[in-house]
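**Q** Provided below for reference: sequence and predicted model.
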Amino acid sequence: MFWSVLLSLGALVDAAPQTTPIKGPGSNSLIRFGCSQVVIERLDPLVNPGVNPSPHLHQIVGGNAFNASIPSADVSSLADCTTCTFSDDFSNYWTANLYFKARNGTYKRVPQIPNRFFEGEQGGVTVYYLSPGKSTVTAFKPGFRMLYGDSMQREKKGSGMRSQSCFRCFTGPNFQGDDYSPCADPKLDTETFPSGPCLGGIRSNIHFPTCWDGERLDSPNHQDHVAYPIKGPSSFATTGDCPSTHPVKIPQLMLEIVWDTTGFNNPEDWPEDGSQPFVLSTGDSTGYGQHADYVFGWKDDALQRLMDGACFGNTCEGVQTQDFATANKCSVPNTVDEITEGWLEELPGDGSGA
């Protein structure tokens, strides 16, 4: 089941007594909504502002203000449409793309499929925001942006980062194996790419930090102005106490992508040495370099109202929504003249992880 109806959410706290559970209906808020792709191209206005093309390919969702350089301003005033079903969300969210590397050395982009309950979504990302209750988190401010992960990472750091970034290996069609919350399944969730074929595809989950210094909207590396709780990253649907350096609790933001790897499960196409064949568009064949970027762009106080309003799912009183038929009409023109689809001799940008 869908984490046994979100695992009743409160049960998660049993394994982490220092945290506050997000229960869903009640005083807490858990919003989950889909965003179709707005463009796929080699741009990164956060890490490589003004650079066209940037080193590696991304899939981008959200508002149509996305371009090679997004100013530190109120993004909701720069965009006039969004691919997200919350039509007040003009934010941009982006991650690396996933490619299959065949035995003959050629590459093909792995398509994405709509997540559970989001039929009609075109590619894209499922977005989650969570709050322990009214007046417990401060919504991001106009101009805020942050980055999770290191695109150049290729090996485990310390005890690992699985609670922040993981891959779920679905055991069959229709999301079979989706019984634990993201990054919590001891068998099916891994920090690296799954070692064998996944009969139902692969899901990526990325958890952003939940504490802010309360002053800077960004930092030189796009990470130092945010932090994880004192006792380390919280598991999904839980929060922890923030450090004194970053005392402001912000919504827990999580991104989720479902990759349809089922068309690439033929062992005859996999490497002869038996190693797994998937790579990120950075050229990373480990999965340790999974990363995600966020530029805040909610209109007015819409996100704060969602976080304070005991909202659950993809609806909340007083916040505008739209269907995918409308959301899918939003797009931005592709500005990088290159081929990203079909069988390729090399990755776009030659798979640079920078």
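**A** Cool, got the structure. Residues are numbered from 1 along each chain as shown.

**Q** Just the pLDDT for the nearest residue to I339 once chain neighbours are set aside.
**A** Nearest non-adjacent residue to I339, counting by Cβ to Cβ, 6 or more residues apart in numbering: P348, 7.7 Å away. C-beta here means a position set from N, CA and C on the backbone, and glycine is covered the same way. pLDDT, P348: 95.

**Q** Now the residue lying farthest from the centre of the chain: phi and psi?
**A** Distance from the C-alpha centroid of the chain, by Cα atoms, centre = their mean, peaks at E272 (32.0 Å). Main-chain torsions, E272, degrees, to the nearest 10: phi -60, psi -30.

**Q** roughly how far apart are it and G105?
**A** According to Cβ to Cβ, to the nearest Å, E272 and G105 sit 12 Å apart.

**Q** try A227
**A** Distance of A227 to G105, given as Cβ to Cβ: 41 Å.

**Q** So the two - more neighbours on which side?
**A** Comparing A227 with G105 by neighbour count (other Cβ atoms under 10 Å), the higher total belongs to A227, at 18 against 9.

**Q** and the residue lying closest to the more buried one once chain neighbours are set aside, what is it in contact with?
**A** Distances taken as Cβ to Cβ, 6+ apart put H246 closest to A227, at 4.0 Å, once the chain neighbours are dropped. By Cβ atoms under 8 Å, 6 or more residues apart in numbering, the residues touching H246 are P209, C211, W212, D213, G214, H225, V226, A227.

**Q** can you tell me which helix or strand H246 belongs to?
**A** Counting by DSSP states H and E, no helix or strand carries H246.

**Q** mind checking how far stretch 30-37 is from the chain centre?
**A** On the basis of Cα atoms, centre = their mean, to the nearest Å, stretch 30-37 sits 10 Å off its chain's mean C-alpha point.

**Q** average model confidence for it?
**A** 96.

**Q** repeat for stretch 50-65
**A** Averaged across stretch 50-65, pLDDT comes to 96.

**Q** List the beta-bridge partners for T190.
**A** T190 has these beta-bridge partners by DSSP bridges: F167.

**Q** Surely E268 forms part of a helix?
**A** Yes: per DSSP: H, G, I helix; E, B strand; the rest coil, E268 lies within a helix segment.

**Q** Return the residues in contact with it.
**A** Shown in contact with E268 (Cβ under 8 Å, 6+ apart): R103.

**Q** What of F33?
**A** Residues in contact with F33 (Cβ under 8 Å, 6+ apart) are C84, T85, F86, D89, T126, V127, N314, T321.
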